[in-house]
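1. give me the fold of what follows.
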Amino acid sequence: MKKIKLQKVGHNTKIGKDCPYVIPNIKEDCLLEVDGEVIGFYIKDVTKYSEKLKQLIAIANKEFRSDNVHKTPMDRSNVLQIQQANPGMTRSQARELGTSQMSAILGSIPPKPQFKRNYPTISSVHREPKSQTFIKAMWGACLEAEQIIKEIAPHLYERQQELFEDIKDEWKFGTMYTGSISNFNISAPFHRDTGNIKGTVNIILTKRNNANGGCLNVPDYNVTFEQADNSMLVYPAWKNVHGVTPIKPIAENGYRNTLIFYPLKAFKGI
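-> This next block holds a predicted model:
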C-alpha cells in the first residue's frame, strides 16, 4: 500500500470554527506516516479486504435510516435558517425542507456529573427491540474493521489491545472500542477528541449517495480525506484538530452517513 508522509504545516484554525468546504486531496488507499511511524490508513473501498464488512455497512446504514432506530435530530444545518425565514413553521416542518441531520450512539456512555449522573451506562438504543438488527450490524462491522487494522497495521492493533486490557468487557464495543456513533449528514466544526485514549485510533466507515462533501479535514497536515462510499479511515482522533466539511446533496434524498467507532478513556479501570 502507498505510504504518505504527513508533515506539520502552519495554520490559524481554531477549535469550534466551522470547517469550510475543501476538495479532498487523499483519494487513494494509503498508509499515513508521521515521524517514521504509521499512525493510521485510508481505504477507498473496503470490498477488497472484506465483502462481509461492505454488507454489514449497508445493513447498518439501511437500519439507521429506517424507523427501527431512535435518532437524535441535529440542527446545525440550514434547518434553523428555514424556520427563522418562515414564521409559524415548526422545527419538524423545517427539517423536512432542510438537510436532515441525525445521530445515534451505541455502546457505553461515560459518567456525566454535570447532568447528575455519576455512573457509566449503556446507550438506551440497546433497549429498543426494533434496533437489534442495527446493533448487530454495527457490532459486526466493528469486529470486521478491527481485523483489517490487524492485517494492515498490526502494531496499531496490538497497541490498542494492550490499552484495553484494563477495560471490562461490559464496556467494550467490539474488542477495542467503547462505543460508536452514526452521524447522518453532520458536518462537524473543528475539534479534537480529547476524551479518547491516547495512542488509540478511531474507525470511520462511510455510506453516501448523491452527495458531495462530508470529508475529514486535518489542518495540521493540510489533508482532507475523501471518505468515499464504503471507505474506511483509521485515524488517531485524539492527536490533531480536525473537522468535517459541509455536506452538499446533489440530488433528492442525497446523504452522507458515517459509522464511527471510538475508545473513551473514561472506562479505563472502572
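2. what segments of the stretch 1-150 of the chain are helices?
-> 51-65, 79-85, 91-97, 132-152 (DSSP state H, counting those that start in this stretch).
3. which one of these has the lowest average pLDDT?
-> Among the helices of the stretch 1-150 of the chain, helix 91-97 carries the lowest mean pLDDT, a mean of 55.
4. circling back: any idea which of the helices of the stretch 1-150 of the chain gets closest to residue 28?
-> Closest to residue 28 of these, according to Cβ to Cβ: helix 132-152, at 14.2 Å. No exception for glycine: its C-beta is placed from N, CA and C like everyone else's.
5. now do the buried residues in the closest one.
-> Residues of helix 132-152 classed as buried: 134-135, 137-146, 148-149, 152 (neighbour count, 16 or more other Cβ atoms under 10 Å).
6. same check on stretch 184-196?
-> For stretch 184-196, the neighbour count (16+ other Cβ under 10 Å) marks 184, 185, 186, 187, 188, 190, 193, 196 as buried.
7. kindly report the same for stretch 113-129.
-> 120, 123, 125.
8. now do that stretch: distance from first to last residue.
-> One end of stretch 113-129 sits 29 Å from the other (Cα to Cα, to the nearest Å).
9. chain center to it, what's the gap?
-> Centre-to-centre, stretch 113-129 and its host chain are 20 Å apart (Cα atoms, centre = their mean, to the nearest Å).
10. tell me the mean pLDDT over it?
-> Average pLDDT, stretch 113-129: 88.
11. what does it rub up against?
-> Stretch 113-129 has contacts (Cβ atoms under 8 Å, 6 or more residues apart in numbering) with 68-70, 104-111, 131, 134-135, 171, 179, 266-267, 270.
12. now for residue 218, how many residues are close by?
-> Neighbour count of residue 218, defined by other Cβ atoms under 10 Å: 21.
13. OK, contacts around it?
-> Contact analysis of residue 218 by Cβ under 8 Å, 6+ apart lists 224, 225, 235, 240, 241, 242.
14. want to try a markdown table for those residues, with secondary structure, pLDDT and distance to residue 164 as columns?
-> As requested, the contacts of residue 218 are exported to a markdown table (DSSP: H, G, I helix; E, B strand; the rest coil; pLDDT from 0 to 100; distance: Cβ to Cβ, whole Å):
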| residue | secondary structure | pLDDT | distance to residue 164 |
| --- | --- | --- | --- |
| 224 | strand | 98 | 30 |
| 225 | strand | 98 | 25 |
| 235 | strand | 98 | 18 |
| 240 | coil | 95 | 22 |
| 241 | coil | 96 | 25 |
| 242 | strand | 97 | 23 |
